[in-house]
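Peer 1: no sequence for this one, just the structure:
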């Protein structure tokens, strides 16, 4: 095994181009587990810790450009206002020790269906910034990023540099089922974001399909129901039948398996419960803020 | 490969390090500092917790090569680290001293006259050490929390120690110990 220690992003891209089998390591919270247990013996480890700008973020007009290695702790501390769903998701990641090292770039690189960040990214809307020495930068929409169990749209010579995440324009929630509050891999997880500017709702489901997925039929149903009932303007409580139908459609969007953490039918059920609850929480929050703005009854 | 980094305030050099080796392995097997415990090797238990540039991390998940040029504090250097924090001097703990380090807690109420960090003395006084395997990781994690948050609520303590498992399930005494250390820290100011 060789340990490659690029001092800059350009050096890292050059190293990845020269050794496409090199495994990038940043926080190490996934890669080191595999090495410690002899599940993986990469030819090259590509250490990204020395590249300072990977741990930086910029808040723009509409998006936050989040460096791939910004630790979850940093997201929780500094980006709660701009990225509330992702901040909540970050807080459910493992333990303080792990949150101090791990970041969203690693979650995307591993692309596990159980990765905690994915439902929040899907719900908020995001583009993954990847780069190769040969072809430069491209932005991959988050909806096209996950291609299979632990597979993503990265080419062998590409590295994840940042994620461009839409700043929240309305309430967001994140919910995760596990056996305890800390140190737990999700049995299943759910993210929900209200987007009052476009009058749309987006969802993200974790650990209940081969990849993280959106419940698109549920989103379309809810978008239509909210529009039809004038809910965005009148700020009324969402009808229980609408919430139930939304929850059922979210359950239907799952394609889960039975495993040691839970059964497929439990996962479907739990996703429905989380969908209903997060819809209630976000909508209550929207009504609370909307009640103060002009033109809302 | 060779790795140069600072351990408990002193520069150290580890030779013949395998590229896939963890920081934990380097500390225990190459530098003779077995205070950081090796249990789960997957970041679940927290018994290998050390400070990396001041930040608590699981040393089993840090690749040795990643610590080149960086600063690590282990439980062996915790007493000195806590002393420096309160006195502001810069002396550090030599590798030799760290290897020789042993808990010499007396029946002291205040930690006076001992070479323990306040959190270590509090663990002894509160009876928070059972088999002792989780203790080093808990000490490092709890000490860092008290540095950041001198008046933690119970929820703060639980959150800060949520990544450290005690297989003896001695959590209540551990909570007592951290509350005790926080109270003594408050009195000292």
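Peer 2: Structure's in. What do you need? Everything quoted here is computed from the prediction, not taken from an experiment. Residues are numbered from 1 along each chain as shown, chains lettered A, B, ... in the order given.
Peer 1: nearest the middle, which residue of chain A would you pick?
Peer 2: When chain A is reduced to its mean C-alpha position, the closest residue under Cα atoms, centre = their mean turns out to be residue A:118, at 2.4 Å.
Peer 1: quick check: that residue is in a strand.
Peer 2: No: with DSSP: H, G, I helix; E, B strand; the rest coil as the criterion, residue A:118 is assigned helix and is not in a strand.
Peer 1: check the gap between it and residue A:260 for me.
Peer 2: In this view, residue A:118 and residue A:260 are 20 Å apart by Cβ to Cβ, to the nearest Å. (Glycine included, C-beta is placed from N, CA and C.)
Peer 1: give the closest residue to residue A:151 in space, chain neighbours not counted.
Peer 2: Leaving out its chain neighbours, the residue that sits closest to residue A:151 by Cβ to Cβ, 6 or more residues apart in numbering or on different chains is residue A:111, at 6.0 Å.
Peer 1: check contacts around that neighbour.
Peer 2: Applying Cβ atoms under 8 Å, 6 or more residues apart in numbering or on different chains, one finds that residue A:111 lies in contact with A:145-147, A:150-152, A:211.
Peer 1: which among those gets closest to chain B?
Peer 2: Nearest to chain B out of the contacts of residue A:111 is residue A:150 (Cβ to the nearest Cβ; 16.7 Å).
Peer 1: which stretches of the chain form helices?
Peer 2: Went with chain A since none was named. For chain A, applying DSSP state H gives helices covering A:9-18, A:31-36, A:72-78, A:84-91, A:96-99, A:104-110, A:117-124, A:142-145, A:216-228, A:231-234, A:240-252, A:264-290.
Peer 1: that's the other chain; I wanted chain B
Peer 2: For chain B, the helices defined by DSSP H cover B:23-25, B:78-87, B:95-100, B:118-126, B:135-148, B:154-160, B:171-188.
Peer 1: how about those in JSON lines, adding mean neighbour count?
Peer 2: As requested, the helices of chain B are exported to JSON lines (neighbours: other Cβ atoms under 10 Å in any protein chain shown):
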{"stretch": "helix B:23-25", "mean neighbour count": "26"}
{"stretch": "helix B:78-87", "mean neighbour count": "18"}
{"stretch": "helix B:95-100", "mean neighbour count": "15"}
{"stretch": "helix B:118-126", "mean neighbour count": "24"}
{"stretch": "helix B:135-148", "mean neighbour count": "24"}
{"stretch": "helix B:154-160", "mean neighbour count": "15"}
{"stretch": "helix B:171-188", "mean neighbour count": "18"}
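Peer 1: and those helices, which one is worst for confidence?
Peer 2: For the helices of chain B, the stretch scoring lowest in mean pLDDT is helix B:95-100; its value is a mean of 82.
Peer 1: stretch A:2-22 near chain B at all?
Peer 2: Yes: where contact is defined by Cβ under 8 Å from any Cβ of the partner chain, part of stretch A:2-22 touches chain B, namely A:2-3, A:5.
Peer 1: sort out which residues of that stretch are buried, please.
Peer 2: Of the residues in stretch A:2-22, A:3-6, A:9, A:11-13, A:15-17, A:19, A:22 count as buried by neighbour count, 16 or more other Cβ atoms under 10 Å in any protein chain shown.
Peer 1: and of those, the nearest to residue B:36?
Peer 2: residue A:3 (21.4 Å; Cβ to Cβ).
Peer 1: next, count neighbours for the closest residue to residue A:147 other than its chain neighbours.
Peer 2: Using Cβ to Cβ, 6+ apart and skipping residues adjacent in sequence, the residue nearest residue A:147 is residue A:153, 5.6 Å away. For residue A:153, the neighbour count with other Cβ atoms under 10 Å in any protein chain shown is 16.
Peer 1: could you check how far residue A:153 is from residue B:168?
Peer 2: On the measure of Cβ to Cβ, residue A:153 and residue B:168 end up 47 Å apart.
Peer 1: what about residue A:101, distance to chain B?
Peer 2: 5 Å (Cβ to the nearest Cβ, to the nearest Å).
Peer 1: give me the beta-bridge partners of the closest residue in space to residue A:281 that isn't next to it in sequence?
Peer 2: With Cβ to Cβ, 6+ apart as the measure, residue A:173 is the residue that lies nearest to residue A:281, at 5.0 Å, once sequence neighbours are left out. Beta-bridge pairing of residue A:173 under DSSP bridges involves residue A:192.
Peer 1: what's the neighbour count on the one residue in the stretch 101-250 of chain A that gets nearest to chain B?
Peer 2: Evaluated by Cβ to the nearest Cβ, the stretch 101-250 of chain A has residue A:182 as its residue closest to chain B, separated by 3.5 Å. A total of 19 residues lie near residue A:182 under the criterion other Cβ under 10 Å.
Peer 1: pLDDT wise, what is it at?
Peer 2: Reading off the per-residue confidence, residue A:182 sits at a pLDDT of 90.
Peer 1: skip the chain neighbours and tell me the closest residue to it.
Peer 2: Excluding the flanking residues, the one nearest residue A:182 by Cβ to Cβ, 6+ apart is residue B:162, at 3.5 Å.
Peer 1: distance of the residue nearest to residue A:78 when sequence neighbours are not counted from chain B?
Peer 2: Among residues not flanking residue A:78 along the chain, residue A:57 sits closest, at 7.5 Å (Cβ to Cβ, 6+ apart). Applying Cβ to the nearest Cβ, one obtains 18 Å for the distance of residue A:57 from chain B.
Peer 1: ok, residue A:57 touching residue A:63?
Peer 2: No: taking contacts as Cβ atoms under 8 Å, residue A:57 lies outside contact range of residue A:63: 10.5 Å.
Peer 1: coming back round to it: so which of the helices of chain B gets nearest residue A:203?
Peer 2: Ranking those by distance to residue A:203, with Cβ to Cβ as the measure, places helix B:154-160 first at 28.1 Å.
Peer 1: next up, the contacts around residue A:72.
Peer 2: Under the criterion of Cβ under 8 Å, 6+ apart, the contact list for residue A:72 reads A:90-91, A:93, A:98-100, A:102-104.
Peer 1: from chain B, how far off is it?
Peer 2: Relative to chain B, residue A:72 is positioned 12 Å away (criterion: Cβ to the nearest Cβ).
Peer 1: please apply the same query to residue A:56.
Peer 2: On the measure of Cβ to the nearest Cβ, residue A:56 and chain B end up 16 Å apart.
Peer 1: and that residue, how many neighbours?
Peer 2: 13.
Peer 1: now do the contacts for it.
Peer 2: A:67, A:70.
Peer 1: ok, now residue A:144?
Peer 2: Residue A:144 makes contact with residue A:153, according to Cβ under 8 Å, 6+ apart.
Peer 1: kindly report the same for the one 10 residues further on.
Peer 2: Remark: with contacts taken as Cβ under 8 Å, 6+ apart, residue A:154 is in contact with A:109, A:130, A:160.
Peer 1: 10 Å - rerun?
Peer 2: Contacts of residue A:154 were listed using Cβ atoms under 10 Å, 6 or more residues apart in numbering or on different chains, and they are A:24, A:108-109, A:111, A:128, A:130, A:132, A:140, A:145, A:147, A:160.
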